[in-house]
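Participant: Fold the following, please.
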Amino acid sequence: MVKPYRHPIVWILTAILSLSSCSPSTDWVQFRGKYGQGATSKAINPPLGIKWKLRLQLDGLTLHAFNPPVVKGDTIYFGSADGNFYALDIESGYMRWVFKSGASINSVPFADEERVYFGSQDGKAYAIDRKEGVEVWSFNTGRPVNSTLQRYKDMVLFTSDGGASFFVDLKGRLVEKIPNPVWYFHTYQMVDDVMFFAPGPLSQPHSFGPYDIRTKKYLWIIDTNEFNAIWYSFPAVTKDLVFFSTCGYTEFGWILGFHTYDRSTGKRLWTYEDISRWGPSYKPDLEGLFLRNLNLLDYMAPSIWKNLVIYTGGDAVVRAFDIRKGALVWEKEFQSPVSSAPLIAGDRLYFGLLGNPKSPDPRERSPSLVCLSARDGRFLWRMELEGALLSAPVASGKWLMFGTDKSLFYILEEVF
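Facilitator: Numbering: from 1, shown residues only. Model (predicted):
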């Protein structure tokens, strides 16, 4: 989640905490994979080739966010800054249908057997028939919905910016809501009937914590006064641990924090802090880059691989830590800022680089997709892109997919 950001020019309230899951088939119906770990066991090995790509807008504007896609069966679903929600055939890119909302879409969708759910900046959460592309119901929150949407059991969950977290039934009727006076761009995940993380209680508005939807109680609370941070990332969860990261803005550099908590007790087990690093040839616009990243719902989201938790902090460094001890196991520094959160497919780590025209390495002068070994950070492969990759790639079966800030949607597959 995000704490209010006060700057002489800009006021921002922003929040993040997210969710994902991938089914035993090729479906990827939730944000960031199973338990939000940003990973799939299905290996996708480079080199990769472009199966197809699609330009969504022709106005020449640079996008600040790209709705992370979900995959169900043979169809990809995602929303766009043009206010449209798309259903595309995964094999060909054929557009099955388009649904028009009332404003830009920057939420995380969810798909079940019959419907796909998403939120819009028009203030509504939508349930759309997956086959026909028609509205089944909508729920008006009165404020932009830039959050994770998830069906959990017999409810659909979502959060409005600075409004509330809503729990509605499968007909779109309100069951319960939690006040949310502070957080924007709220992402979360549900594990064992617990929302990691929910906006904190009204008595502690600048807080968040795991909320048990059965007992309607917080298991424990994280007070953001403990941190020198504005951004609080989406969490990843294991059997007994919770991982997330933080970022604080200063004119001299970002303060990056990487944190691990005991899932049951809320005890902080370790924290690793670092100052943003950019490489010798890159002169960052610290404020501009920071504001860019706050539009990405998965900014600084962790990926889990075996005994490692891996982060891209938006600077020029990828960092991998021992999940139990917090020791830095490996890091990889580039000459260009990292543009997206990571995804792990098998033992391959995929993410985007923003590009640095002044880089001494010509391969890093343009935006690109990069692949490293998750085990040790070894460089394995790179592909130049038209535009910078925004949210982390999504893996589905043999395909890797993502959108760029030049309104292009890519589908890649292994080259044999």
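Participant: and the closest residue to A327 other than its chain neighbours, which of the three is it?
Facilitator: Counting by Cβ to Cβ, 6 or more residues apart in numbering, F321 is the residue found nearest to A327 once chain neighbours are left out, at 6.6 Å. (Each C-beta comes from the backbone N, C-alpha and C, glycine too.) Classification of F321 using DSSP: H, G, I helix; E, B strand; the rest coil returns strand.
Participant: Distance check, F321 against W270.
Facilitator: 8 Å (Cβ to Cβ, to the nearest Å).
Participant: now S281
Facilitator: Separation of S281 from W270 (Cβ to Cβ): 33 Å.
Participant: Equivalent analysis for L56, please.
Facilitator: Using Cβ to Cβ, one gets 42 Å for the distance from L56 to W270.
Participant: dump the residue contacts of A316.
Facilitator: Contacts of A316 were listed using Cβ atoms under 8 Å, 6 or more residues apart in numbering, and they are 277-279, 282, 333-338.
Participant: ditto for A345
Facilitator: By Cβ under 8 Å, 6+ apart, A345 lies in contact with 39-40, 42-44, 395, 400.
Participant: Excluding chain neighbours, give the residue nearest to it in space.
Facilitator: Leaving aside its chain neighbours, A345 sits nearest to I44 (4.0 Å; criterion: Cβ to Cβ, 6+ apart).
Participant: and the one you found, that's in a strand?
Facilitator: No. Read with three-state DSSP, I44 is coil and lies in no strand.
Participant: so it touches D347, yeah?
Facilitator: No. Assessed by Cβ atoms under 8 Å, I44 is found out of contact with D347, at 10.4 Å.
Participant: Between these two, point out the one with more neighbours.
Facilitator: More neighbours surround I44 than the other of I44 and D347, with 23 against 16 (other Cβ atoms under 10 Å).
Participant: May I have the phi/psi pair for the more buried one?
Facilitator: Backbone torsions for I44, taken as degrees, to the nearest 10, come to phi -130, psi 110.
Participant: can you pull the pLDDT of it?
Facilitator: I44 is assigned 94 on the pLDDT scale.
Participant: Ok, the one 5 residues further on next?
Facilitator: G49 is assigned 96 on the pLDDT scale.
Participant: show me the contacts for it.
Facilitator: Neighbouring residues of G49 by Cβ under 8 Å, 6+ apart: 412-415.
Participant: any idea which helix or strand comes after whichever strand or helix holds T271?
Facilitator: Element membership for T271 (DSSP states H and E) is strand 268-275. Moving toward the C-terminus from strand 268-275, the first helix or strand encountered (DSSP H and E) is helix 286-293.
Participant: quick revisit: more crowded one of F321 and W270?
Facilitator: F321 (23 against 15).
Participant: For that one, name its beta-bridge partners.
Facilitator: F321 has these beta-bridge partners by DSSP bridges: V309, L328.
Participant: Number the chain from 23, please
Facilitator: Done: numbering now begins at 23, and the last item shifts to F343.
Participant: close enough to count as contact, it and L350?
Facilitator: Yes. If you go by Cβ under 8 Å, F343 and L350 touch, sitting 5.9 Å apart.
Participant: So for these two, which residues contact both of them?
Facilitator: Counting by Cβ under 8 Å, 6+ apart, the contacts common to F343 and L350 are Y294.
Participant: what's the weakest-modelled helix or strand in the chain?
Facilitator: Within the chain, no helix or strand scores below strand 33-34, which has a mean of 32 by mean pLDDT, DSSP states H and E.
Participant: Just grab the bridge partners of T97 for me.
Facilitator: Beta-bridge pairing for T97 (DSSP bridges): K94, D111.
Participant: Report the contact partners of it.
Facilitator: If you count contacts by Cβ under 8 Å, 6+ apart, T97 has them with 109-112, 118, 152.
Participant: Can I get these in CSV including distance to N162?
Facilitator: Below are these laid out as CSV (distance: Cβ to Cβ, whole Å):
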residue, distance to N162
A109, 23
L110, 28
D111, 32
I112, 32
R118, 27
R152, 22
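Participant: who wins for neighbours among these?
Facilitator: Using other Cβ under 10 Å as the neighbour criterion, L110 leads the contacts of T97 with 24 neighbours.
Participant: Could you export stretch 119-130 as CSV, CA atoms only?
Facilitator: What follows is stretch 119-130, C-alpha atoms only, in CSV (Å, rounded to 0.1, in the frame of the first residue of the first chain):
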residue,chain,number,x,y,z
TRP,A,119,-14.9,-9.0,-27.8
VAL,A,120,-14.3,-5.5,-26.3
PHE,A,121,-16.2,-4.0,-23.4
LYS,A,122,-16.2,-0.3,-22.9
SER,A,123,-16.1,1.1,-19.3
GLY,A,124,-16.5,4.7,-18.4
ALA,A,125,-12.8,5.6,-17.8
SER,A,126,-9.3,4.2,-17.8
ILE,A,127,-8.7,0.7,-16.4
ASN,A,128,-5.7,0.1,-14.1
SER,A,129,-7.0,-2.7,-11.9
VAL,A,130,-6.0,-6.4,-11.7
